[in-house]
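In: Sequence isn't available, so here's the structure alone:
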């Protein structure tokens, strides 16, 4: 594997972690959005990206693919708030199935992974510069 492939691999990982951070931010922003309906269309559901590895062959690049973003199948949270304007006839409001603690853990993990890949790119750049300096 050439040293230049490291940039492709780290670049794809940076893109994947950016998608993960954006999905986490969207989940956190909608964590307290209430709905009067339990339907999928009306109530926000947590979204998570799906990743796959690219295998390094002679003709293919290696790295991370973002296959898509899927909605969580966890049940919605029903909270009793009879004073809420979106409460149903029994006084319950449907809340998203977003777990703020889990989302914060995802955010920290994605941020650390992003930082690690930036460091990989910086280290590779330094190695290339030192290799070029050998010829002087």
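Out: Perfect, I can see it now. Just so we're clear, the structure is a prediction, and the values are computed from it rather than from any experiment.
In: Quick check: closest non-adjacent residue to the residue nearest the centre of the chain.
Out: Relative to the mean C-alpha position of the chain, the nearest C-alpha, by Cα atoms, centre = their mean, is the one of residue 20, at 1.2 Å. The shortest distance from residue 20 to any non-neighbouring residue, by Cβ to Cβ, 6 or more residues apart in numbering, is to residue 110 (4.3 Å). (Glycine included, C-beta is placed from N, CA and C.)
In: Dihedrals phi and psi, the one you found?
Out: Here the main-chain torsion angles of residue 110 (degrees, to the nearest 10) amount to phi -60, psi -40.
In: list the contacts for the residue nearest to the centre of the chain?
Out: Under the criterion of Cβ atoms under 8 Å, 6 or more residues apart in numbering, the contact partners of residue 20 comprise 49, 106, 110.
In: Make JSON lines out of those and add neighbour count.
Out: What follows is the contacts of residue 20, written out as JSON lines (neighbours: other Cβ atoms under 10 Å):
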{"residue": "49", "neighbour count": "20"}
{"residue": "106", "neighbour count": "20"}
{"residue": "110", "neighbour count": "21"}
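In: ok, those vs residue 96, which is closest?
Out: When the contacts of residue 20 are compared for distance to residue 96 (Cβ to Cβ), residue 106 comes out closest, at 15.0 Å.
In: how close does that closest one get to residue 26?
Out: In this structure, residue 106 and residue 26 are separated by 12 Å, where distance is defined by Cβ to Cβ, to the nearest Å.
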